[in-house]
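**Student:** I need the structure of the sequence given here:
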Amino acid sequence: METPEKGLWREVLESKYGSGRQKKPSTWWKDLTKVRMSDQGDNWFNSNMIWKVGAGEKVKFWEDDWLENGQLKGRYERLYNNSELKDKSISSFGTWSTEGWKWNLSWRREWFVWEKTMVEEFMSIISQVLLHQGIEDKRLWNDPPSYSFSVKSAYDKLANHGYGVGLAVFERLWDLKVMPSALFYVWRAFSNRIATKQNLWRRGVARGDTLCVLCGREEETTSHILVSCKESNKVWNMCSRWMGISSVNHNELICHFEQFSCICLNQEGNRLWKSLWVSIVWCIWKHRNRVIFNQAKVDAEEIFTMAQVQWCG
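**Tutor:** This is a model prediction of the structure:
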């Protein structure tokens with residue numbers, strides 16, 4: 001019932017029990033709708049369905065949840081409002097050539113200077129998605145590697161629904177006075193919703209290896225690219241020397257953030273250092289994107305310098 005296509009079983013069910021939108025749906029249908037999805041599409045079942053993008057002819061570019069980080073319309077409202085195309089599928093936002101798919105977005109006006117960073121981030125995210133000409137878009141149950149629904153996997157996901165990163169971590173994060181775009185990025189990183197190679201591969205929207213862009217040795221997970229990668233670790237070591245401290249850094253992202261919550265004895269000092277942490281993580285990611293899309297060289301010293309400038313600003 002989650003798929004938009006008119007399949008035989010869907011036609012049989014709707015002919016017998018109705019579509020669920022009539023004034024007096026059957027008791028059976030009401031029970032079914034309680035466990036599959038709400039009208040707003042924000043319950044546990046819908047959140048565990050994913051799109052596997054093929055040629056992008058069925059998936060709505062702005063409105064469907066086809067990337068790790070949620071609907072583009074909600075995350076990039078300013079870009080959505082400036083887009084010439086609104087209610088269109090992914091295939092309307094580019095063209096096919098002999099070299100493959102090429103993104104081509106049309107805007108209603110030119111971007112202001114202060115908006116260009118957001119646009120670059122946006123393009124870096126969607127540019128990592130590979131479309132497949134002639135392949136149909138599919139709606140899948142998010143249970144790799146089979147991506148097939150089972151009662152056991154549904155029970156496990158329902159049992160764990162609502163339990164994720166502790167609220168206290170997010171409260172400490174949103175209390176910081178740093179760039180909103182940096183805070184939003186870290187929030188997504190804490191939820192493992194940034195477009196790392198591993199996440200894109202897991203969602204079926206990218207092909208090729210999943211090796212880290214910076215070191216080229218290990219799988220590019222969220223914690224790896226931002227914390228444990230040898231190149232990222234150089235940045236954190238520079239930070240420790242600059243701060244005049246000596247510590248063993250944690251390899252898990254949130255635990256690494258919590259370390260910065262205990263550097264000083266006073267609350268204001270800790271808030272200051274946590275702001276620096278956010279700046280460093282944000283700059284590591286932006287540098288990683290420049291390496292991919294602008295063929296920049298990996299430079300840990302440049303990353304730390306940019307983080308200092310952003311932090312002081």
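
**Student:** so where's this structure uncertain?
**Tutor:** 1-44, 68-70, 155-167, 261-266, 313 (pLDDT under 70).

**Student:** hey, where'd the strands end up in it?
**Tutor:** Along the chain, counting by DSSP state E, strands occupy 49-52, 94-97, 100-103, 138-141.

**Student:** buried ones in stretch 301-313?
**Tutor:** Within stretch 301-313, the residues that count as buried by 16 or more other CB atoms under 10 Å are Ile303, Phe304, Met306, Ala307, Gln308, Gln310, Trp311. For glycine as for every other residue, the C-beta is placed from the backbone atoms N, C-alpha and C.

**Student:** CA atoms only for it - export them in PDB, please.
**Tutor:** Extracted C-alpha coordinates of stretch 301-313, given in PDB (Å, rounded to 0.1, in the frame of the first residue of the first chain):
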ATOM      1  CA  GLU A 301      46.600  23.000   8.400                       C
ATOM      2  CA  GLU A 302      44.300  24.900   6.100                       C
ATOM      3  CA  ILE A 303      41.300  23.200   7.700                       C
ATOM      4  CA  PHE A 304      42.400  24.300  11.200                       C
ATOM      5  CA  THR A 305      43.200  27.800  10.100                       C
ATOM      6  CA  MET A 306      39.700  28.200   8.500                       C
ATOM      7  CA  ALA A 307      38.100  26.800  11.600                       C
ATOM      8  CA  GLN A 308      39.900  29.400  13.800                       C
ATOM      9  CA  VAL A 309      38.800  32.200  11.500                       C
ATOM     10  CA  GLN A 310      35.200  31.000  11.500                       C
ATOM     11  CA  TRP A 311      35.300  30.500  15.300                       C
ATOM     12  CA  CYS A 312      36.800  34.000  16.000                       C
ATOM     13  CA  GLY A 313      34.300  35.600  13.500                       C
END
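
**Student:** contacting residues around the residue nearest to Ile135 when sequence neighbours are not counted?
**Tutor:** Distances taken as CB to CB, 6 or more residues apart in numbering place Gly54 nearest to Ile135, at 3.2 Å, with adjacent residues excluded. Contact analysis of Gly54 by CB atoms under 8 Å, 6 or more residues apart in numbering lists Leu131, His132, Gly134, Ile135, Glu136, Asp137, Lys138.

**Student:** If we use 6 Å, what do you get?
**Tutor:** Neighbouring residues of Gly54 by CB atoms under 6 Å, 6 or more residues apart in numbering: His132, Ile135, Glu136, Asp137.

**Student:** Just give me the closest of the residues you listed to Lys177.
**Tutor:** The closest of the contacts of Gly54 to Lys177 turns out to be Asp137 (CB to CB; 41.8 Å).

**Student:** still on that earlier bit, pick the most buried one from the strands of the chain.
**Tutor:** Sort those by mean neighbour count, taking mean count of other CB atoms under 10 Å, and strand 49-52 sits at the top with a mean of 19.

**Student:** Tell me the helices and strands packed up against it.
**Tutor:** On a contact count with 3 or more CB pairs under 6 Å, 6 or more residues apart in numbering; DSSP states H and E, strand 49-52 meets strand 138-141.

**Student:** The strand it packs on: partners in the sheet, and parallel or antiparallel?
**Tutor:** With DSSP bridges as the test, strand 138-141 is paired with strand 49-52 (antiparallel).

**Student:** Would you mind measuring from the nearest residue to His132 once chain neighbours are set aside to Ile245?
**Tutor:** The shortest distance from His132 to any non-neighbouring residue, by CB to CB, 6+ apart, is to Gly54 (5.0 Å). In this view, Gly54 and Ile245 are 50 Å apart by CB to CB, to the nearest Å.

**Student:** ok, now Ser181?
**Tutor:** Distance from Ser181 to Ile245, by CB to CB: 28 Å.

**Student:** again, but for Lys86
**Tutor:** Applying CB to CB, the value for Lys86 to Ile245 is 50 Å.
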